[in-house]
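> coords please:
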Amino acid sequence: MDIITTRELKERLGELQGQEVTLRGWIRNHRKQKNMGFIDFFDGTCFRNPQVVYDNNLSGFNEIQALRVGSAVRVTGKVVPSYKDPETPEIQASAVILEGDCPEDYPLQPKKHSVEFLREIAYLRPRTRLFQAVFRVRSVAAMAIHSYFQDRGYVYVHTPLITGNDAEGAGNTFTVTTLPPDRQGHPEEDFFGKPTSLAVTGQLEGETFALAFSKIYTFGPTFRAENSNTKTHAAEFWMIEPEIAFMDLPELMDLEEDFLKSIVSTVMEKCPDELKFLDGFTGGGLLAKLTALKESRFARVTHEEAITILRQAMEKGTDFKFEPTYGGDTAKEHEKYLTEEYFHSPVFIYDWPKEIKAFYMYQNEDGKTVSAVDLLVPGAGELMGGSQREHREDLLISRMNELGISTEEMYWYVNLRKFGGCVHSGFGMGFERLLIYLTGVDNIRDVIPYFRTPMNCDF
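Numbering: from 1, shown residues only. Down below sits the predicted model:
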C-alpha cells in the first residue's frame, strides 16, 4: 500500500473515504481511554491534521496505548468521516507502528506553552501548531515573492554577503576578519587586504545589474550589528530589494502597491487554515486587516503634507509623545495615526528631507528633499522604503563628498552614472517585517527559524 501525506489525504478526501491508507508522522497528543484511544497525528504537510482512532480489538492495543507524545509512528487505517469536522479526515486504525520513540520528559507536552519558552527550544518549536502556521506562511510568501518577479521578467541576482562598503552609512556592521584580536588594526594583513563586513543591503550591487537587465531583484540575508532588543530588530534578517531601470518615483509606488497586494492575496489563497488559526491566536482582526489591504487604495502624501496633517491633529487635541517636525522622521505613533485614524488605508509618504536620507537618493529641484518613499500600513507602520536613485554623476559626487563617503572606493558605483546612466528606482522590504504583518505574530524572533539578536546565537 502506498504511503501518502496528510496533504494528499486532504486533497483527495472524497476519493479516499472508506479506503485504507498509510501515513507517517508524529504524535502531538494521545488521549487514552480504557477500551480505545485518540491520537492527534501530524506530518507537517498540512495544517488540518487527521485524528487517529483505535480500539481494543486492534492487535498490540496495550503497546499502542503506551506510545508517548512526540513519537514517530506509521499508521494504517480506513478513512472515515469525522463527527467534529467533515472537512478534517479521521483514520480508523488497523495498525499503529512505532518508528521512533520519545521519552516522558519531551518538552512539548499537550498544554499551552508561552512563545518565550518555545524560543528556548527553537529546534522543537516547528512541531507546534503556532509555528507550523507561521513557517508555512513564510514558505508560501517567499515563493509568492519569487513568482511575482519571475512572472514579470525580473532577473534574480545574488548579491555578495561580504562587502567592503556600508551602503546605508550607518556603521552598524559586523566585521569580517581572519586576524587575531591583537592584529585587527592591520587590515592590509587580513584575508581581503582591506576592512570588510557582512552586508547590510544588496542594493548597490543590484543597481549594477538593473542597468544591464532593466529589472532585477535580490532576496537574501542581510546583517546589522544594531544593539537593539525591540520586537522588530534582529542581527540577521532577509531582504527583498528590486531595482528597475527607466522607472521614476510615481511608477515605483505603483509597483510597491501591486506587489504587496499580490503577495497578500497569494498567502490568503494558499494558507486559509493557517491564517484562520493565526487570526484566533492573535486575538482576531488579522483576516479583516489583510482583506482590507487587498481592497484598499493606498494614499499618497508628501512628507510635508504628512507633517501638516499630524500637526493639525495636535492642534485639535491629539496627544503625541513626540512632536512631528517638518525636517524630521516620523514616529510609530505618527504612522499609526496616519494609517488607522486619518486615511484608514496604507499610505505612501514621499519627498523626504534630504538630510535624513541616504546619499544615493535623487535630489529634488527644491534642494531640500529627495525622491524617497516609505510605505506605511495599518497595524504595522513602515513596511517598505525606496527611492528614485540619483543618476546625475555631479550631484551624486557632491552628496557623497558632503557625507564623507569615498568616491574613490565607490568608483564603480559612481561610474554607473557615467556609462549609460539613466533614471532608475528601487525599494527594500524586510521579509520578517512582512511576515509579522501577514501572521499577526508581533515579534521578529517568532517569524524566523533561528533568531540572531544581541547576546543570542543559539542553535
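> From now on I want contacts and neighbour counts done on CA atoms only, so please keep to that.
OK.
> and the gap between L249 and N364?
Note on L249: its distance to N364, by Cα to Cα, to the nearest Å, is 11 Å.
> Comparing the two, which residue is more hemmed in?
L249 (22 against 16; other Cα atoms under 10 Å).
> measure that one to M239 for me?
In terms of Cα to Cα, L249 sits 20 Å off from M239.
> In the stretch 251-400 of the chain, mark out all the helices, start to finish.
272-281, 286-295, 303-315, 332-336, 393-403 (DSSP state H, counting those that start in this stretch).
> Output these in a markdown table, with distance to Y54 appended to each entry.
Below are the helices of the stretch 251-400 of the chain laid out as a markdown table (distance: least, Cα to Cα, whole Å):
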| stretch | distance to Y54 |
| --- | --- |
| helix 272-281 | 26 |
| helix 286-295 | 37 |
| helix 303-315 | 63 |
| helix 332-336 | 53 |
| helix 393-403 | 72 |
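> Switch the ones you listed over to TSV; also include mean neighbour count and distance to K78.
Below are the helices of the stretch 251-400 of the chain laid out as TSV (neighbours: other Cα atoms under 10 Å; distance: least, Cα to Cα, whole Å):
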stretch	mean neighbour count	distance to K78
helix 272-281	18	24
helix 286-295	17	35
helix 303-315	18	62
helix 332-336	18	53
helix 393-403	15	70
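> and of these, who's closest to K321?
helix 332-336 (7.9 Å; Cα to Cα).
> Which neighbouring elements make contact with that closest one?
Applying 3 or more Cα pairs under 8 Å, 6 or more residues apart in numbering; DSSP states H and E, we find helix 332-336 packed against strand 381-388.
> hmm, who's touching the strand it packs on?
The contact list for strand 381-388 (Cα atoms under 8 Å, 6 or more residues apart in numbering) reads 247-249, 252, 332, 335-336, 339, 361-362, 371-377, 423-430, 433-434.
> cool, and stretch 389-406?
With Cα under 8 Å, 6+ apart, stretch 389-406 has contacts from 359-363, 371, 407, 414-415, 417-418, 421-426.
> for the stretch 1-150 of the chain, which spans come out with low pLDDT?
1 (pLDDT under 70).
> For it, just list every one of the strands.
For the stretch 1-150 of the chain, the strands defined by DSSP state E, counting those that start in this stretch occupy 20-32, 36-42, 51-55, 72-80, 90-100.
> Show me what the first one packs onto, helices and strands only.
Contact here means 3+ Cα pairs under 8 Å, 6+ apart; on that basis strand 20-32 packs against strand 36-42, strand 72-80.
> try 10 Å
Helices and strands touching strand 20-32, as assessed by 3 or more Cα pairs under 10 Å, 6 or more residues apart in numbering; DSSP states H and E, comprise helix 6-11, strand 36-42, strand 51-55, helix 61-65, strand 72-80, strand 90-100.
> Likewise for the third one?
For strand 51-55, the elements it packs on are strand 20-32, strand 36-42, helix 61-65, strand 72-80, strand 90-100, judged by 3+ Cα pairs under 10 Å, 6+ apart.
> what pairs with it, and is each one parallel or antiparallel?
If you go by DSSP bridges, strand 51-55 pairs up with strand 36-42 (antiparallel), strand 90-100 (parallel).
> closest one to N443 among those?
Between N443 and the strands paired with strand 51-55, the tightest spacing by Cα to Cα is seen for strand 36-42, at 25.9 Å.
> angle of the closest one against strand 72-80?
On the basis of axes from the mean of the first three to the mean of the last three Cα atoms, to 10 degrees, strand 36-42 is oriented at 110 degrees to strand 72-80.
> Mind listing residues that contact strand 36-42?
Here strand 36-42 makes contact (Cα atoms under 10 Å, 6 or more residues apart in numbering) with 5-6, 23-32, 48-58, 61, 64-65, 67-70, 72-73, 75, 90-93, 127-129.
> Please indicate which of these are buried?
5-6, 23-30, 48-55, 61, 64-65, 67-70, 72-73, 75, 90-93, 127-129 (16 or more other Cα atoms under 10 Å).
> Quick check: closest non-adjacent residue to T222.
V200 (5.1 Å; Cα to Cα, 6 or more residues apart in numbering).
> Around the closest residue in space to L198 that isn't next to it in sequence, how many other residues sit close by?
Nearest residue to L198, sequence neighbours excluded (Cα to Cα, 6+ apart): I162, at 4.7 Å. Using other Cα under 10 Å, I162 has 15 other residues around it.
> I'd assumed T196 was in contact with I162.
Yes: here I162 lies in contact with T196, judged by Cα atoms under 10 Å, at a distance of 6.7 Å.
> who touches both of the two?
F174, T175, V176.
> Closest one of those residues to T282?
Nearest to T282 among the shared contacts of I162 and T196 is F174, at 34.5 Å by Cα to Cα.
> Tell me the predicted confidence for the closest one.
pLDDT recorded at F174 is 93.
> Indicate which one of the helices and strands packed on strand 20-32 is closest to K276.
Per Cα to Cα, nearest to K276 of the helices and strands packed on strand 20-32: helix 6-11, 16.9 Å.
> Tell me which other helices or strands the closest one touches.
Under the contact criterion of 3+ Cα pairs under 10 Å, 6+ apart, helix 6-11 touches helix 13-16, strand 20-32.
> how far is the first one from where the chain is centred?
The chain centroid and the centroid of helix 13-16 are separated by 35 Å, computed with Cα atoms, centre = their mean, to the nearest Å.
> Could I have the CA atoms of it written out in CSV?
The C-alpha trace of helix 13-16 is given here as CSV (Å, rounded to 0.1, in the frame of the first residue of the first chain):
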residue,chain,number,x,y,z
LEU,A,13,-10.6,13.2,0.8
GLY,A,14,-13.7,12.4,-1.2
GLU,A,15,-11.9,9.7,-3.3
LEU,A,16,-10.3,8.1,-0.2
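> excluding its backbone neighbours, what's nearest A144?
Nearest residue to A144, sequence neighbours excluded (Cα to Cα, 6+ apart): I263, at 5.9 Å.
> burial measure for K84, as a count.
Here the number of neighbours of K84 (other Cα under 10 Å) works out to 9.
> quick one, phi/psi of it?
When read as degrees, to the nearest 10, the backbone of K84 gives phi -80, psi -40.
> gap between it and F459?
From K84 across to F459, the span is 39 Å (Cα to Cα).
> for E8, same thing?
E8 is 32 Å from F459, by Cα to Cα.
> ok, the residue located most distally from the centre of the chain - contacts?
For the chain, the residue at maximal distance from the C-alpha centroid (Cα atoms, centre = their mean) is N57, at 48.7 Å. Under the criterion of Cα under 10 Å, 6+ apart, the neighbours of N57 are N35, M36, S94.
> Does the closest residue to Q388 other than its chain neighbours belong to a helix, a strand or coil?
Distance criterion Cα to Cα, 6+ apart; nearest residue to Q388, sequence neighbours excluded, is S425 at 4.1 Å. Assigned by DSSP: H, G, I helix; E, B strand; the rest coil, the conformation of S425 is strand.
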